[in-house]
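Colleague: sequence below, structure please.
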Amino acid sequence: MNRGPTLLRFVFPIAFALLVWFNFFITREGITVLGGSEALLESVPVMVLHEPPMRLLADVSPDEVTVRLSGDAARLQAVRPEDVRAFVSVENGLEAGTYEIFLQVLPPKGVSVISIVPAKVTVRLLATSEAPRLRPGVGAEGAPAGADLPEQ
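Modeller: Model prediction:
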């Protein structure tokens, strides 16, 4: 009885299936590489970009998104989560309130963005006057710094 053909018929397909599975579905450091030419990044933090001076505080919800990328396998294997930037751009003309703003993603060189989930985030802008702070030149007691006050 020759075991060569039987061994080849069972071991080779299993080894080939494992090789294909590892090649098409590899997960590392929050990145799932799919099919060699696509990758999925989960939990990418959302940043708020604005031009100074911005007199509003921003709260973003959700504060993390999922980004699907495409590119050649070598570039995708080299991508690290911190290489991908998701952000919303807040214009200075906006007033305090709640807005739905489309996300933008800056991928590394040679990599393209296929999709962003969710595509929009809710940005709540709060006037800085709603946040506790001291005005410049005013002491903690409310008197201008260096002012001579009559004793009471």
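
Colleague: how much space separates residue 90 from residue 37?
Modeller: As for residue 90, its distance to residue 37 is 34 Å (criterion: Cβ to Cβ, to the nearest Å). Where you see a C-beta, it was placed from the backbone N, CA and C, and this is true even at glycine.

Colleague: those two: who's more crowded?
Modeller: residue 90 (19 against 14; other Cβ atoms under 10 Å).

Colleague: now do the helices in the protein.
Modeller: 4-24, 73-78 (DSSP state H).

Colleague: need the longest strand for this structure.
Modeller: Ranked by number of residues, the top strand in the chain under DSSP state E is strand 38-50.

Colleague: and that one, what does it pack onto?
Modeller: Strand 38-50 is packed against strand 31-34, strand 56-61, strand 64-70, strand 85-90, with contacts defined by 3 or more Cβ pairs under 8 Å, 6 or more residues apart in numbering; DSSP states H and E.

Colleague: make JSON lines from those strands and add mean pLDDT to it.
Modeller: As requested, the helices and strands packed on strand 38-50 are exported to JSON lines (pLDDT from 0 to 100):
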{"stretch": "strand 31-34", "mean pLDDT": "78"}
{"stretch": "strand 56-61", "mean pLDDT": "88"}
{"stretch": "strand 64-70", "mean pLDDT": "94"}
{"stretch": "strand 85-90", "mean pLDDT": "92"}
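
Colleague: in a markdown table: those, plus distance to residue 45.
Modeller: Shown next, in a markdown table, are those (distance: least, Cβ to Cβ, whole Å):
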| stretch | distance to residue 45 |
| --- | --- |
| strand 31-34 | 15 |
| strand 56-61 | 9 |
| strand 64-70 | 6 |
| strand 85-90 | 7 |
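
Colleague: which among those is found nearest to residue 116?
Modeller: Nearest to residue 116 among the helices and strands packed on strand 38-50 is strand 64-70; the distance by Cβ to Cβ comes to 5.5 Å.

Colleague: for the closest one, buried residues please.
Modeller: Residues of strand 64-70 classed as buried: 65, 67-70 (neighbour count, 16 or more other Cβ atoms under 10 Å).

Colleague: now stretch 97-110
Modeller: Neighbour-count burial for stretch 97-110 flags 99, 101, 103, 105, 107 (criterion: 16+ other Cβ under 10 Å).

Colleague: ok, now which ones touch residue 103?
Modeller: 46, 65, 86-88, 116, 118-121 (Cβ atoms under 8 Å, 6 or more residues apart in numbering).
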